[in-house]
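Peer 1: sequence first, predicted model second:
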Amino acid sequence: MMNTKRRKAKRINYVGYLFIFPSMFFFCLYILYPVFFVVKNGLYEWSTLSNMKLVGLANFSKLLSDHVFWQAIKNSFIWILTTVPVQAILGFLLGFAIEERIRTSGKLRGTFYRTLYFIPVVTSVTVVAIIFSKIFQPYQGIIGYYLSKWFGMAPTINILGHEKTALVGPILANIWEWTGWSMIMYIGGLSQIPIEIVESAKIDGAGTMRQMIHVYLPMLTPVHKSLLMLGVIGSLQTYALVNVMTNGGPNHATEMPGTYIFLKGFKEAQMGYACAVSVAVLLFALMITFIQVKFLGSGDFMNKERN
């Protein structure tokens, strides 16, 4: 009898392993193996797999004096410090306004506004980049037109063509595209707040602003953390938007890690150095993620209250 129970327990364990096998297989195939491949090939100088020359840590040491690489890291910091908070603020305000609209005017209007503001998120990045490139275009662009009309500036101003202003265009495009995602996240968080707490705040005389500051924002802390983590990861993955709008220029002023890796690997055929840059960016991302998880928590706002 005991032997039968033990065999059954072992069978159940094997079934459990079978269930997790597909996910572990694809994790190893699409995550662990590519990371190992990039780290290993960062030790070689090569353009194709048939002409690889071992150079050790030379590619990694070269990064320390590569000013374009550090410009890309600097641009990533600027990108994170501008897009993440602005998207969070706008997303919260939109989400709060839509939730209030649902309470006063019904779900139909709320659904309409949700869909309206979420459309940029599901729009192709290439399409967004082309639209904003036209907006910032000299002579014909809307931005140049209104700068000329309101401030008397020449309509020939080329924001994307100047080193000091070129990064503004992709940042604004990214904010426009992804604010809708922040809005949806905040709407999900707002729907989790018990209505009794809000009603109690109203009874105590709290107006809309005090409710936002003392009720909604503190209770949405897990959403803030989630958006911060997703925003940091998304910023380090930025490629298509910058590539289409500025191609990393002018003079590498808008270079991002993704565009720089593509430049070195596929345009200049320095695949070994591109692998080294990829490893450095991966370590940078892991460091930022570790700091956030260590000091801020994971930010899973769907978790239930812990006992």
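Peer 2: Okay, I see it.
Peer 1: can you give me the helices for the stretch 201-307 of the chain?
Peer 2: Assigned by DSSP state H, counting those that start in this stretch, the stretch 201-307 of the chain shows helices spanning 208-211, 217-219, 221-236, 240-245, 257-262, 271-296.
Peer 1: now find how far off-centre the fourth one is within its chain.
Peer 2: Okay, so that is helix 240-245. Offset of helix 240-245 from its chain centre (CA atoms, centre = their mean, to the nearest Å): 15 Å.
Peer 1: same question, the first one
Peer 2: A distance of 30 Å separates the C-alpha centroid of helix 208-211 from that of its chain, computed with CA atoms, centre = their mean.
Peer 1: how much space separates Ser278 from Ala285?
Peer 2: Distance, Ser278 to Ala285, using CB to CB, to the nearest Å: 11 Å. C-betas here are computed from N, CA, C, even on glycine.
Peer 1: in terms of neighbours, single out the busier of these two.
Peer 2: Comparing Ser278 with Ala285 by other CB atoms under 10 Å, the one with more neighbours is Ser278, at 22 against 17.
Peer 1: spit out the contact partners of the more buried one.
Peer 2: Contacts for Ser278 (CB atoms under 8 Å, 6 or more residues apart in numbering) come out as 38, 42, 261.
Peer 1: contacts for stretch 190-210, please.
Peer 2: Contacts to stretch 190-210, defined as CB under 8 Å, 6+ apart, come from residues 95-96, 99, 211, 214-216, 219-220, 301.
Peer 1: if you set the cut-off to 6 Å instead, what comes out?
Peer 2: Contacts to stretch 190-210, defined as CB atoms under 6 Å, 6 or more residues apart in numbering, come from residues 95, 99, 211, 215, 219.
Peer 1: what are the ranges of the strands in the stretch 101-250 of the chain?
Peer 2: Remark: strands of the stretch 101-250 of the chain are absent; assignment by DSSP state E, counting those that start in this stretch.
Peer 1: circling back: quick one: which of the contacts of Ser278 is nearest Phe26?
Peer 2: Val38 (18.0 Å; CB to CB).
Peer 1: tell me how far Ile261 lies from Lys202.
Peer 2: Taken as CB to CB, the span from Ile261 to Lys202 is 52 Å.
Peer 1: neighbour count for the two, which is higher?
Peer 2: Between Ile261 and Lys202, counted using other CB under 10 Å, the more crowded position is Ile261 (22 against 14).
Peer 1: thought that one was touching Val277?
Peer 2: Yes: assessed by CB atoms under 6 Å, Ile261 is found in contact with Val277 at 5.2 Å.
Peer 1: burial count for Val38?
Peer 2: Neighbours around Val38, by other CB under 10 Å: 18.
Peer 1: which residues touch it?
Peer 2: So Val38 contacts 275, 278-279 (CB under 6 Å, 6+ apart).
Peer 1: ok so, going back, of the contacts of stretch 190-210 - the most surrounded one?
Peer 2: Busiest of these [other CB under 10 Å] is Gly95, holding 27 neighbours.
Peer 1: any figure for the gap between the nearest residue to Ile288 once chain neighbours are set aside and Lys264?
Peer 2: Excluding the flanking residues, the one nearest Ile288 by CB to CB, 6 or more residues apart in numbering is Val232, at 5.5 Å. Taking CB to CB as the measure, Val232 and Lys264 are separated by 23 Å.
Peer 1: ditto for Glu45
Peer 2: Taken as CB to CB, the span from Glu45 to Lys264 is 12 Å.
Peer 1: pull out the buried residues from stretch 233-252.
Peer 2: 234-236, 238-239, 241-246, 248-249, 252 (16 or more other CB atoms under 10 Å).
Peer 1: equivalent analysis for stretch 61-71, please.
Peer 2: Going by neighbour count (16+ other CB under 10 Å), the buried part of stretch 61-71 is 66, 69, 71.
Peer 1: pick the one among the residues you listed closest to Phe290.
Peer 2: Comparing the buried residues of stretch 61-71 against Phe290 with CB to CB places Phe69 closest, at 21.5 Å.
Peer 1: close enough to count as contact, the closest one and Asn59?
Peer 2: No: the pair Phe69 / Asn59 is not scored as a contact, 11.2 Å apart, by CB under 6 Å.
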